[in-house]
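>>> got a predicted model here, sequence first, then my questions.
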Amino acid sequence: VVGATNVGKSTIVNALIESGFITKGRKVTASSLPGTTLGLVNFKFKGEGKKLSGSLYDTPGVFDRRQLQHSLTHSEVKAVVPSRRLKPITYKLKKGQVLILGGLVMIEQVEGRPFLYTAVVSNQVTVHVTKRDRVGHLLANKTGGDSPMLYPPFDQNRVREVLLASITEWLEAMECNIAEHGV
């Protein structure tokens, strides 16, 4: 089983064990924190009816530098990984407004009529809507420090590092244009 880090490969293997498809071996550790699987884990399987049998390997994740989690410290990852049930919250953005998730992600409504965005984030990630011209002030003055308004990251210097890493790596891959197709 091959894929990017922290996408559920071990969870799939555990489901195959529970279903009886994999008959020998114990469950593997699955965690919401990346890097749990450290090496190849071999499982034997035998299919029913036909003589299908072989090996299945659970593997460590393939590093993808575009994943935000690779720019975060351990304490920041712990903050963004939910520890209890998530509650989606929907925000209506108008042209020129920005939805900010901690000091991690910004979503700007560039043009068009108002649009609904639903945030499903850990309770340790702050969510804030502001006007585009206030973003710089908020990131410079309301992150890190003694009473931050936007977090994680928890340190002012880390905000710049994380946002720059995110912007640099995601510009080509993550540009998103949502056209009004009768919505």
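Sure thing, it's come through. Just so we're clear, the structure is a prediction, and the values are computed from it rather than from any experiment. Residues are numbered from 1 along each chain as shown.

>>> which stretches of this protein form strands?
Listed in chain order, the strands found in the chain under DSSP state E are 41-46, 53-58, 89-93, 97-101, 105-108, 115-119, 127-131.

>>> pull out the buried residues from the shortest one.
Burial within strand 105-108, assessed by neighbour count using 16 or more other C-beta atoms under 10 Å, is assigned to 105-107. For the C-beta atoms, the positions are set from N, CA and C on the backbone; glycine is no exception.

>>> now do that strand: distance to the chain's middle.
In this view, strand 105-108 has its centroid 14 Å away from the chain centroid, taken as C-alpha atoms, centre = their mean, to the nearest Å.

>>> what is that strand packed up against?
Applying 3 or more C-beta pairs under 8 Å, 6 or more residues apart in numbering; DSSP states H and E, one finds that strand 105-108 contacts strand 97-101.

>>> packing partners for the strand it packs on?
The contact analysis (3+ C-beta pairs under 8 Å, 6+ apart) places strand 97-101 against strand 105-108, strand 115-119, strand 127-131, helix 135-141.

>>> quick revisit: list just the nearest of the buried residues of strand 105-108 to Leu99.
Checking the buried residues of strand 105-108 against Leu99 with C-beta to C-beta, the nearest one is Ile107 at 4.5 Å.

>>> model confidence for the residue nearest to the closest one when sequence neighbours are not counted, exactly?
Taking C-beta to C-beta, 6 or more residues apart in numbering, and ignoring the residues beside it in sequence, Ile107 has Leu99 as its nearest neighbour in space, at 4.5 Å. Leu99 is assigned a pLDDT of 93 by the prediction.

>>> that's all I had, so thanks and see you.
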